[in-house]
Structure formats: structure tokens, C-alpha cells
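**Q** only the shape, not the letters, is given here:
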Ligand SMILES: Cc1cc2nc3c(=O)[nH]c(=O)nc-3n(C[C@H](O)[C@H](O)[C@H](O)COP(=O)(O)OP(=O)(O)OC[C@H]3O[C@@H](n4cnc5c(N)ncnc54)[C@H](O)[C@@H]3O)c2cc1C
């Protein structure tokens, strides 16, 4: 028997589970296929402070308070030529070191509590599309079966797609890691650059300290892993006391490529999390970025299913994906540039110095969008925090004066999310605004400016606006526009 759902999610990592929870909350029928039995080990345990608000939003905030997890770890950073710097938790925000095997299993339980239908351990092995629905072939130990969905969310992580479908956004590195007893190092995270790359270490739940080195694949080609890793540790200031040997230390390794998928929204087959894009581990924000993007994708999917118009939904999804990729790439390449001295002969730094976004090849509209975002100069805004103005005297002063709009005011079309649906709205653009403005405290501003007539005084404008929104909102909007010098 074939079971039918509106949405099938493949993969129960943070990306798949975030999307599943939100789409269930929006009233959709959602199934999830996960190939591993949980708990299963997973890398990516150093969670950035921003995940807290996402877990809370999903109704799962208490999961991060598990007594086994390690919150608020200080970090000692020796980046580039500078002296090591101790960054206290208060300066970094409230990150937490978790056990992903445990956390992913608990988040799955939250999703099941909200109505998720789970097939696990079960693996998607084939997919076909017919009559506006996908049919998935699923293989489990007990039997093979089929399920269908109007939308498939591919959350299979980095192994989900072939590398020829990736647009590479930075030179690849290789990660080597092992665990030493917790008391080998201080109870701190440590980050340090060395000749062949950089090193990260942190205590992990379970009384161990994880050390991970990132280097160029060419640096370890044909080399034994333990001596390669030991050489990097010995060069360092923060890790030089650590001694690893073949007998007691198991080294794990993986290639770390930084990419965005070239066709992440294909008909109704949509990639999320690391199936869509990966970040350089330098920022330790992979999980947060994957979850945040899943929240946005859930809105896009809901809009498509509710409005039947995939155009806006897909454009919103692709723009959010481009935003995530561009802001992260700028941050990472800037951070690497600080450490990549012009004479460093090692391939890790040399490749980062020479990597040019301008050389990225474009194969479709989506990759063209990514390249534009990565290579364009950021618009220069002189965003100001408008000062609070005493509004009643200002209104009396302006009452008979004509409204003059700033010559630098422009309008653009932007995405606006209301009630879990995305739509296109007009927005104000001005150098004094940090981003296009649609709403001010939930008051839609462009229609107010639209309602003005040539030669209106402020008194006439206020009377017109009072027919559209309450007087106390008119006061808020006018005070803001005046102090941001959008009206003069
Ligand atoms: C070396 C390294 C270090 C990192 N360190 C950090 C860090 O410190 N902090 C951080 O925030 N992030 C880190 N990350 C990134 C982090 O691991 C990822 O961002 C995160 O796991 C992505 O989540 P996801 O849900 O997209 O995929 P995953 O967590 O990979 O989940 C994918 C799921 O899909 C399942 N699956 C795959 N194929 C199928 C199939 N055919 N059928 C059914 N199920 C399938 C898998 O079993 C898996 O459970 C690191 C990454 C790397 C490579």
C-alpha cells in the first residue's frame, strides 16, 4: 500500500526536523524518512548562541539545558600574528557544546509529538515524479515500500548530492580530529592558526576534549595522519603540550567542502540544510544556519501549497539562500585574510589568498544570483538610529508646512512574511535606512507615503493617514520618518 503525504522530508538532522516541525504547525501532513537508527553520532556539536532562540521558537528550548551539555565555555583565540586572546562567554553569547546523537534524537521526539510520521531506519533509494506528486522508493530492513508527497524536502546533509551539482565557494580543506582526556587542556575552547592551517579544540560532553585540525588536502597527501596532526599541534602555542600516538588515539577525518547546490529548488524537490549549502566550520554556525534556512523554507513551501503560486515562494527561498551564502562567505574570507600573510608558502593559505569569486562559473539563473551577491560591493548606507523626537511639539511646528520627501528616497519590491506566508510588498529605500523598510512596528509605511498628494501640508497628510491607521501610529511613523530625514 502506498501512503500519501503533502510533504516528505528525507533526513532527520537539524535542517529536516526544523522544517518538519514548522510545517506540521502550519497544518500540513508530513512524513520523514531517516536511514539511521537514532541515536547516531554526528559532527557539529559546538552550537552558536543563535540556536537558542530557534529551539525556543520550535517549542524545544529546554533540550539545550540538558545537564550533560557544556554551556558558556570561554574561548582562547590565537588568530594570525596576534597574541592569544581570551574571549569570555559573556562576549561570545550563550553557545553550548552538545551531544548531537542525543540532541537530534530528542528533537525528533518533539517532531513526533507534533504529528510527524517517521520511517526509520529507512532509506530513500529512488524518486519519480508524476501527476504533480513525487513517489519515493524506501528501503528498510523489514520491507521495501513507497510513499508519495507533493513536496520533497531533501535534508540528507552533505552526502545527499553529487559534487558535480555543487558550486564551490571556497577551497576545500580536510578535517582530522581525535579526543584526548578533558584534563589535558583547560576548560576552554581554543582556536589557533598554524603554518598548514588551523586548529580548534573544545571540551565535549562525556569527559573528553576534542581536537580538530583543518588543513589542505595536498598537505597530507600520502602522509600518515597521526604524525601530520601531531606536527600541527607541536607548532602551536595552545596545543603544543598534547601528544598523540597511533596506539591510543583514533583519528577521524572528512573532507570539508564549501558549496551551494546549483539547483536547490527543482520543481517541488527542495534542498535544505547541508544538502543546499555548507559553511566553513570556522564560524561554528552550520547548525544554526541550517535551522534558520529551514524556517524560511517552511514559509516558502507553505506559501506554495496554500497559494498555488510557486513563483514568489521559489524567489523568496533562493534569495534567502543567497543571503545566507553571501554573508557567511564574506565573513569567512575576511577572517581568513587576517591570517593569510602574503608570504605563507603553505597550500591552505595560498589557496585562500588566490581564490577569486569573480572566477566562479555560472550555469543558470540561480548560480548567477549567487555570483552577483558574492561579488557585488555592499551598498553603502549611513544607517542612523533615528533619535526619539518630542512628537506633539513637532506636529504643531510642521502643521502648515508642506511635506517634502527626501530626494534620496526610492521604492523597491521586497519579500514580506505575514502569517507564515510570503508576499511581495513595496518598501522604502534610503541611505539612512540599514535595509528596505516595509513595516514600522507592524504599520505598513509605503501606502502612507503613497496616499500623499502633491503640495500636501503635514496637517493634510496627518488627516489622510488618520483615515488609514490610528493617530498614535501616525505619530510613530511621522516621528521616525522625520528623524531619519526621509520627510523634511
Ligand atoms: C568537520 C565539521 C565540523 C563541523 N562543526 C560544526 C560546529 O562546530 N558547529 C556547527 O554548528 N556546525 C558544524 N558543522 C556543520 C554541521 O555538522 C551541519 O551544519 C549540520 O549537521 C547540518 O545539518 P543537516 O540537517 O543539514 O544534515 P545532517 O545533520 O548531516 O543530517 C542529515 C541526515 O540525513 C540522513 N540521510 C542521508 N541520506 C539519507 C537517505 N538516502 N535516506 C534517508 N536518510 C538519509 C542522515 O542519516 C542524517 O541523519 C561541522 C561540519 C563539519 C564537516
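**A** Structure's in. What do you need? None of these values were measured; they are calculated from a predicted model.

**Q** give me the element the residue of the chain most remote from its centre is part of.
**A** With C-alpha atoms, centre = their mean as the measure, the chain has its most outlying C-alpha, relative to the mean C-alpha position, at residue 400: 49.1 Å. With elements taken from DSSP states H and E, nothing contains residue 400; it lies in neither a helix nor a strand.

**Q** what of residue 316?
**A** In the assignment (DSSP H and E), residue 316 maps to helix 310-339.

**Q** what comes up buried for that helix?
**A** By neighbour count, with 16 or more other C-beta atoms under 10 Å as the criterion, the buried positions of helix 310-339 are 310, 312-322, 324-326, 328-329, 332-333, 336, 339. Just so you know, the C-beta spots here come from the backbone N, C-alpha and C atoms, and that holds for glycine as well.

**Q** quick one, strands of the stretch 101-250 of the chain?
**A** All strands of the stretch 101-250 of the chain, identified by DSSP state E, counting those that start in this stretch, fall at 117-119, 122-130, 133-140, 144-154, 166-181, 189-194, 197-204, 208-215.

**Q** in the stretch 351-488 of the chain, what residue lies closest to the ligand?
**A** residue 352 (17.0 Å; C-beta to the nearest ligand atom).

**Q** how about low-confidence regions in the stretch 51-200 of the chain?
**A** Applying pLDDT under 70 to the stretch 51-200 of the chain flags no residue at all.

**Q** repeat that for 80
**A** Within the stretch 51-200 of the chain, the stretches with pLDDT under 80 are 82, 92-93, 160.

**Q** still on that earlier bit, dump the strands of the stretch 101-250 of the chain into CSV; add mean neighbour count and distance to residue 58 as well.
**A** Putting the strands of the stretch 101-250 of the chain into CSV (neighbours: other C-beta atoms under 10 Å; distance: least, C-beta to C-beta, whole Å) gives the following:
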stretch, mean neighbour count, distance to residue 58
strand 117-119, 18, 17
strand 122-130, 14, 24
strand 133-140, 18, 25
strand 144-154, 21, 16
strand 166-181, 19, 28
strand 189-194, 23, 26
strand 197-204, 22, 24
strand 208-215, 22, 27
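
**Q** mind putting the ones you listed into a markdown table with distance to the ligand?
**A** As requested, the strands of the stretch 101-250 of the chain are exported to a markdown table (distance: least, C-beta to the nearest ligand atom, whole Å):
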| stretch | distance to the ligand |
| --- | --- |
| strand 117-119 | 9 |
| strand 122-130 | 4 |
| strand 133-140 | 8 |
| strand 144-154 | 9 |
| strand 166-181 | 4 |
| strand 189-194 | 10 |
| strand 197-204 | 8 |
| strand 208-215 | 7 |
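
**Q** how about the residues of the protein near the ligand?
**A** Proximity of the chain to the ligand, by C-beta under 6 Å from any ligand atom, involves residues 10-16, 33-36, 42-47, 123-124, 155-157, 160, 175, 254, 256, 273-274, 281, 284-288, 290.

**Q** show me how to select, in ChimeraX, the buried members of the residues you listed.
**A** This is how ChimeraX selects the buried members of the residues of the chain next to the ligand, with burial counted by 16+ other C-beta under 10 Å:
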select :10,11,12,13,14,15,16,33,34,35,36,42,44,45,46,47,123,124,155,156,157,160,175,256,273,274,281,284,285,286,287,288,290
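
**Q** tell me the pLDDT at the spatially closest residue to residue 129 that is not a sequence neighbour?
**A** If the residues on either side of it in the chain are set aside, residue 129 comes closest to residue 267, at 6.6 Å by C-beta to C-beta, 6 or more residues apart in numbering. Listed pLDDT for residue 267 reads 94.

**Q** how many neighbours does residue 267 have?
**A** Other residues within reach of residue 267 by the criterion other C-beta atoms under 10 Å amount to 13.

**Q** surely it and residue 130 touch.
**A** No - the criterion here is C-beta atoms under 8 Å, and residue 267 misses it with residue 130 at 11.7 Å.

**Q** and the residue positioned nearest the centre of the chain, what element?
**A** Within the chain, the residue whose C-alpha comes closest to the C-alpha centroid is residue 289; the distance, by C-alpha atoms, centre = their mean, is 2.0 Å. Secondary structure assignment for residue 289, by DSSP H and E: helix 286-307.

**Q** picking that back up, residue 441 is nearest to which of the strands of the stretch 101-250 of the chain?
**A** When the strands of the stretch 101-250 of the chain are compared for distance to residue 441 using C-beta to C-beta, the nearest one is strand 144-154, at 33.7 Å.

**Q** show me what contacts the nearest residue to residue 421 once chain neighbours are set aside?
**A** Taking C-beta to C-beta, 6+ apart as the measure, residue 421 lies nearest to residue 303, with 4.8 Å between them; neighbours along the chain are not counted. Shown in contact with residue 303 (C-beta atoms under 8 Å, 6 or more residues apart in numbering): 309, 312, 313, 316, 420, 421, 422, 423.

**Q** and the first one, how close does it get to residue 364?
**A** The gap separating residue 309 from residue 364 is 21 Å, by C-beta to C-beta, to the nearest Å.

**Q** and for the third one?
**A** Distance check for residue 313 against residue 364: by C-beta to C-beta, it reads 18 Å.

**Q** what are the ranges of the helices in the protein?
**A** Per DSSP state H, the chain carries helices over the ranges 14-25, 51-57, 89-92, 100-113, 217-220, 225-235, 286-307, 310-339, 347-354, 365-375, 391-398, 446-450, 458-466, 471-483.
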